[in-house]
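Peer 1: what's the 3D shape of this:
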Amino acid sequence: MVTKTQNNLNAGRGIYWLFSRVIIAPCPAFFILEKQEMRTCTKCATELPEEAFHFKASRCKRCRNTQEKERYLRKRDQIVERVRTYREENREKIMETRKEKYKTDLEFKARCRELAAKRRAITENRIKANQYAEKYRNENRGLVNHRISLAEYKNRAKAHGQDHVCDLTYAQWIEILNKFNHCCARCGTTEDITKDHIIPISAGGNTTKENIQPLCNKCNTIKQRIFEKESHASKSASSEISTNN
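Peer 2: Okay, here's the model as predicted:
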């Protein structure tokens with residue numbers, strides 16, 4: 001049987017529960033939010049809240065950042081030189097400051113550790129990439145040398161100011177080698193076989209299947225010297241004819 005005292009106690013508990021819920025319950029946003037102060041940027045003439053500006057600055061953060069980037073691009077060499085000179089002259093002071101900050105500032109310490117971990121990861125990835133590239137070059141030495149030679153031919157033709165067709169594939173070069181039994185087309189040796197342009201690049205020859213033959217390094221050099229002598233003689237003869245005329 002419930003007594004009067006128990007009823008009063010239960011009623012008090014109910015009132016306390018209701019009062020605690022009312023106090024703890026979050027208030028609506030329109031009662032908490034205050035009206036933000038607005039300012040006008042003198043650069044872009046845009047009305048923005050106070051947080052979009054630096055302290056007592058007349059321009060907004062976006063305009064200031066844009067201006068700083070433009071100034072850095074204009075005076076990049078001077079700024080870099082000034083920073084480099086300061087770091088060289090105050091290296092010990094900078095290191096001491098960083099050490100003290102590393103001991104006291106936990107956020108700076110965590111950022112330094114994060115940067116160190118990134119540097120280690122970059123170094124490890126670079127080592128792995130170099131190892132993979134070295135392995136690829138060793139396993140595909142012929143293909144790599146073929147690509148290097150094609151790039152060299154393109155640069156040589158560009159130096160002569162000519163439109164050069166360079167569509168010789170590695171499979172076509174292997175086919176040419178098989179046709180000559182991997183031997184020099186002139187002396188028949190199998191040592192130091194190189195690609196030779198039947199019509200030289202300087203004379204307008206292209207790097208195509210029809211214009212490539214295998215020659216050893218010695219025969220290729222001899223052919224190049226003969227061609228240079230002939231071209232020089234033809235130029236001299238043409239200049240003499242023009243002079244006589």
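Peer 1: Show me what the longest helix seen in the chain is packed against.
Peer 2: What stands out as the longest helix in the chain, according to DSSP state H, is helix 106-139. Identification of packing neighbours for helix 106-139 by 3 or more Cβ pairs under 8 Å, 6 or more residues apart in numbering; DSSP states H and E yields helix 91-104. Using the backbone N, CA and C atoms, a C-beta is placed for each residue, glycine as well.
Peer 1: which helices and strands does the helix it packs on pack with?
Peer 2: helix 106-139.
Peer 1: mean confidence score for the helix it packs on?
Peer 2: Mean pLDDT, helix 106-139: 94.
Peer 1: buried sites along the helix or strand following that helix?
Peer 2: Heading C-terminal from helix 106-139, the first helix or strand you meet, by DSSP states H and E, is helix 141-159. Residues 146, 149-150, 153, 156-157 are the ones in helix 141-159 that count as buried (16 or more other Cβ atoms under 10 Å).
Peer 1: Then stretch 204-221?
Peer 2: By neighbour count on 16+ other Cβ under 10 Å, the buried set for stretch 204-221 is 205-207, 211-216, 219-220.
Peer 1: Mark which of those residues are part of helices, please.
Peer 2: 219-220.
Peer 1: Pop the domain breakdown of the chain in here.
Peer 2: 37-89, 90-135, 165-231 (automatic domain parsing).
Peer 1: Redo those domains as JSON lines? Include distance to residue 142.
Peer 2: Below are the domains of the chain laid out as JSON lines (distance: least, Cβ to Cβ, whole Å):
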{"stretch": "domain 37-89", "distance to residue 142": "44"}
{"stretch": "domain 90-135", "distance to residue 142": "15"}
{"stretch": "domain 165-231", "distance to residue 142": "7"}
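Peer 1: Would you mind measuring from the closest residue to residue 94 other than its chain neighbours to residue 140?
Peer 2: With Cβ to Cβ, 6 or more residues apart in numbering as the criterion, residue 94 has its nearest non-adjacent residue at 6.4 Å, and that residue is residue 87. Distance of residue 87 to residue 140, given as Cβ to Cβ, to the nearest Å: 44 Å.
Peer 1: Count residues in the vicinity of the closest residue to residue 60 other than its chain neighbours, would you?
Peer 2: Excluding the flanking residues, the one nearest residue 60 by Cβ to Cβ, 6+ apart is residue 41, at 4.2 Å. Using other Cβ atoms under 10 Å, the number of residues around residue 41 comes to 19.
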